[in-house]
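Student: Sequence and computational prediction follow.
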There are 2 protein chains.
Amino acid sequence: MSSSVAEGAKRRPTLHDVAARAGVSKSLASLALQGSPKVAPASREAILAAANELGYRPNRTASSLVRQRTHTIGVHILDLHNPVFAEILDGVQEAARGHDYSTLLVTGNADPVTERTEITRLLESRVEGLVLIAHRLSDEDLAAIAREVPTVVVTWRTDGIAGLDSVAGDDLAGARLAVDHLAALGHARIAHISGGDNRIARERRSGYERAMADHGLDPLVVDGAFTERGGYAGAEAAVDAGATALVVANDLAAIGALAALRARGLRVPDDVSVVGYDGMRLLDSLDLTTVAQPLAEMGRVAADLLMERIEAPDRPSTHRLVETRLVPRGSSGPAPD
Amino acid sequence: MSSSVAEGAKRRPTLHDVAARAGVSKSLASLALQGSPKVAPASREAILAAANELGYRPNRTASSLVRQRTHTIGVHILDLHNPVFAEILDGVQEAARGHDYSTLLVTGNADPVTERTEITRLLESRVEGLVLIAHRLSDEDLAAIAREVPTVVVTWRTDGIAGLDSVAGDDLAGARLAVDHLAALGHARIAHISGGDNRIARERRSGYERAMADHGLDPLVVDGAFTERGGYAGAEAAVDAGATALVVANDLAAIGALAALRARGLRVPDDVSVVGYDGMRLLDSLDLTTVAQPLAEMGRVAADLLMERIEAPDRPSTHRLVETRLVPRGSSGPAPD
DNA sequence: CCCCGGAATTGGAACGTTCCAATCCTCACG
DNA sequence: CGTGAGGATTGGAACGTTCCAATTCCGGGG
C-alpha cells in the first residue's frame, strides 16, 4: 500500500510531512507557506505542491502558541433571541473579519453565573479582546476582566473603568425623540413602558421623564421588560390608565404592546400610537415607528475600538455615543379626538 | 518594587510560575489544577493558593496542542439576520455547552467564497466538528469537508455523503399542513409564494403542489424569496392573481407579505389568509399562523449528533427529520364570501 | 585560485501545557 | 534495622509551529 515507514491511523499531515515530501527543511516549508520572498521559486513551488497533495492544513493552535497571538476575539452576547443583538453581532463579525480576526462567541443566556463561566472560557482561549454585547456583570467583575484583556462594552456607556471602551446610543436623547414626536402629534397622555431595572431601561426612562416635564406633561410609567411579554402586560396597564400613546422601552416589547392592543380591539394608530426603540430591521415590515440606533454600525465601531486597543492597550478609555434617530412609520399618528 | 529576578513587561503567569511559587514541580501543579486525586492535600492547597494569587489562567492553546483536542466545535451560520438561524444556533450552543464544548462561530453572509474561507479558518483552528446552519456549498465541497471533520448540516436533508449527518424538518409534509389548513377553511385560490431557487424552497414548493393536487385545486406559485422583500413582492403578485390565501415560504417572507397586504388595504384574515413557515418566536406576538419547526431543538439535535460522531467517526450517516406542526393563529380564517 | 558577500537553507530553541516513566519518601512489616 | 509497597513527586519528551542564528552554496572580483 505504502512504502513509507510508520503509518497507522491516518494522522493529520504536519509541516514536517510537507517538508519531507518536498525534500526541504520544515523551516523552509514554513517560510514558503507564509509567502516569504526569500525562498527560491523552485523550492516554493515544490513545497506548495507537496502541501496540496497532502491536504496540509496549518495548525493554528501551534502557531498561536509560539506567536503568542491567537488572532481571535471573544464576543459575549446576552441574548441571541433579541434580533437587535444579532444585528450588532453582525457588525462585529464584519469588522473582525476585516481585520483578519476570528470570533469566539458565547452566550450567557441562562444566568449571570454562566455568563462569568463562559467569559472565563474565552479568557483561557487567549482571545486578544472581548466585546460584550450587553452583559450582567458587576463593575468589579468588569474591571477585573478589562485588566486582563482589552474589552469593549456595547449598548451602554461604561466609564470609570481603566482599559475599557464602550459604544452606546444616547438613550436620554432617544427617549426624548419619541416623546417629542408624539407630543407634536398632539398626544398628552403619553405613557412609558419601562424595560425593567437595568441601566439602559433607567436611562430611557429618565429621558422620557425629562422630556415629558419639558413639555409640561404628566409622566406615566408602567412596569415592563425588554421582552414581548413585558410589552404586552405594560400596554394593558397603560391603556387602562388612559394612555393614547406608548413610548416602549424597546422594539421587542413594542411588538408585544401591539399584540396587546390588538387583543383589546384597539386600533393603531387611530386609538393608540406606539413608538418602539432600537430599530431592528424587521420593523420596517411591521410598520412600527421607532427610535433607531445604527446597530450593525455599533458592532463595527466596537470591533474597531477593540482593534485599536489591542494595538495600544494603554490608551485612555473612549466612549462612543452613536446617534439615534426617529423613524416615523405607521404606528404613530395624531391623538384621537 | 519587587524582589524577584527578571520582571519586565507583565507577562501572563504560567504553570511554571504557579509551581515555583508553590514550591513544587510544574507536573504536580498541572496535576493539582486538573483535580487529580493523587496529589497530597497540602500540596494541592498550596498550588491552588499560588494560582489564585497570581491570577493564573490555564492556556487552552497549549493544552489543546498537546492533548490533540480543542474541545471546540465550529458553527457556520448562513445569515444572522434571520431569527430562525439564531434560534437554531441557540440550541447548538446549549447542547455544546452541555458537552463542555466551546463554539467558534462564522458567517458566510456575503458570498459563497467567504463561506469557504471562513470554514477553512475553522478547520485550521482544529475544531473537532462542524455544524452548518444552512450553507451554499457544493456537494463536492461538502464531501471534502466531511472527510476532514465530523460535520452535520441543519435545515435540509443531505444524504449520500459519508461522515455527514443532517437534521431537517419535513418540508414536504409541512407545506401540506399549510394547504390542508387553508383548504379546511374553505379556501380554493391558495397561492404559494416561493422561496427562490434552493433546496428548501423547492421542497416546500413540491409539498404545496402535491397537496393542492390532492385537494383537486389549481396550484398558483409566484416567485419570492426567503426575505421580507421577497414576501412583499410575492404577495402583491398573488393577490393580483386573485388569491385569497397565501402559503408563504418562510416567516420572514410572510411578514413581508403582511406588509404588502396592509399597503393594499386588504385585511387579514378577512380578505386574505396568510400562513408562514418556520415558527420563529416573534410570530406569537404577530399573530401569524405558521408551520412551526422546533428550531432550538433542531440545534440541540445537531450538536448531539455531532458529539456522537466525534466519539465514533465511522458510524453510518444518520438523518434526523424533525416534526413540523401547524400553529393556527389570527392570520388565517375562513375564505371570504 | 582564493576569498567574500549575499542569497538560500537549515537546525534548534521556544511557546505552555500534558503525561509517562522514573525517582523519592515514608512507613509498616518481618 | 533492612526491605518493599505504594503514594507523592519530578524530569523530560512531546505537540506543531515560528523565527533566530548559523551554515551552506554560488558566482564574481581580486
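Tutor: Yep, it's here.

Student: Please name every helix or strand in contact with the host helix or strand of A:Ala62.
Tutor: Assigned by DSSP states H and E, A:Ala62 falls within helix A:60-67. Judged by 3 or more CB pairs under 8 Å, 6 or more residues apart in numbering or on different chains; DSSP states H and E, the packing partners of helix A:60-67 are helix B:60-67. Backbone N, C-alpha and C define where each C-beta goes, glycine included.

Student: related to what we said a few turns ago, show me what the helix or strand following the helix holding A:Ala62 is packed up against.
Tutor: Downstream of helix A:60-67, the first helix or strand assigned by DSSP H and E is strand A:72-77. Helices and strands touching strand A:72-77, by 3+ CB pairs under 8 Å, 6+ apart, are helix A:83-98, strand A:102-107, helix A:112-124, strand A:129-133.

Student: Please enumerate residues in contact with strand A:72-77?
Tutor: Residues from elsewhere that reach strand A:72-77, judged by CB atoms under 8 Å, 6 or more residues apart in numbering or on different chains: A:85-86, A:89, A:92, A:96, A:101-108, A:115, A:118-119, A:122-123, A:125-135, A:303, A:306.

Student: Ok, which of the helices and strands packed on strand A:72-77 comes nearest B:Asp223?
Tutor: helix A:83-98 (26.0 Å; CB to CB).

Student: Just the C-alpha atoms of the closest one, please, in CSV.
Tutor: C-alpha atoms of helix A:83-98 as CSV (Å, rounded to 0.1, in the frame of the first residue of the first chain):
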residue,chain,number,x,y,z
PRO,A,83,-32.6,40.3,16.9
VAL,A,84,-31.1,43.6,18.0
PHE,A,85,-28.1,41.8,19.4
ALA,A,86,-27.8,39.6,16.3
GLU,A,87,-27.6,42.8,14.2
ILE,A,88,-24.9,44.2,16.4
LEU,A,89,-23.0,40.9,16.3
ASP,A,90,-23.2,41.1,12.5
GLY,A,91,-21.3,44.4,12.6
VAL,A,92,-18.7,43.0,15.0
GLN,A,93,-18.2,39.9,12.8
GLU,A,94,-17.8,42.0,9.7
ALA,A,95,-15.2,44.4,11.2
ALA,A,96,-13.4,41.5,12.8
ARG,A,97,-13.2,39.7,9.6
GLY,A,98,-11.9,42.9,8.0
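
Student: Relative to DNA strand D, which of the helices and strands packed on strand A:72-77 is closest?
Tutor: strand A:102-107 (15.2 Å; CB to the nearest atom of the strand).

Student: Check which helices and strands that closest one is in contact with.
Tutor: By 3+ CB pairs under 8 Å, 6+ apart, strand A:102-107 packs against strand A:72-77, helix A:83-98, helix A:112-124, helix B:83-98, strand B:102-107.

Student: Could you identify which of those is most buried?
Tutor: strand A:72-77 (a mean of 26; mean count of other CB atoms under 10 Å in any protein chain shown).

Student: any idea how far that one is from the chain center?
Tutor: 9 Å (CA atoms, centre = their mean, to the nearest Å).

Student: Let's see it as CSV, backbone CA atoms only.
Tutor: Output of strand A:72-77 as CSV, limited to C-alpha atoms (Å, rounded to 0.1, in the frame of the first residue of the first chain):
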residue,chain,number,x,y,z
THR,A,72,-9.3,35.8,17.8
ILE,A,73,-11.6,38.0,19.7
GLY,A,74,-14.3,36.8,22.1
VAL,A,75,-17.8,38.0,21.9
HIS,A,76,-20.3,37.6,24.6
ILE,A,77,-23.9,38.2,23.6
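
Student: for the record, mean pLDDT for that strand?
Tutor: Strand A:72-77 shows a mean pLDDT of 95.

Student: What of stretch A:106-118?
Tutor: On average, stretch A:106-118 scores 85.

Student: likewise stretch A:190-199?
Tutor: 95.

Student: What's the end-to-end length of it?
Tutor: Terminal residues of stretch A:190-199 are spaced 22 Å apart (CA to CA, to the nearest Å).

Student: Same question for stretch A:286-305.
Tutor: Stretch A:286-305 end-to-end distance (CA to CA) = 33 Å.

Student: ok now that stretch, how far from the chain's centre?
Tutor: 9 Å.

Student: That one and chain B in contact?
Tutor: Yes - Stretch A:286-305 lies within reach of chain B by CB under 8 Å from any CB of the partner chain, at A:286-287.

Student: Show me which residues of the stretch 51-200 of chain A are close to chain B?
Tutor: Counting by CB under 8 Å from any CB, the residues of the stretch 51-200 of chain A near chain B are A:55, A:57-62, A:64-65, A:70, A:80-81, A:83, A:86-87, A:89-90, A:93-94, A:97, A:102-107, A:109, A:114, A:118, A:120-121, A:123-126, A:148.

Student: how about 7 Å then?
Tutor: By CB under 7 Å from any CB of the partner chain, the residues of the stretch 51-200 of chain A that approach chain B are A:57-62, A:64-65, A:70, A:80-81, A:83, A:86, A:89-90, A:93, A:102-105, A:107, A:121, A:123-126.

Student: Pull the distance from stretch A:130-142 to the chain's centre.
Tutor: For stretch A:130-142, the distance to the chain centre is 12 Å (CA atoms, centre = their mean).
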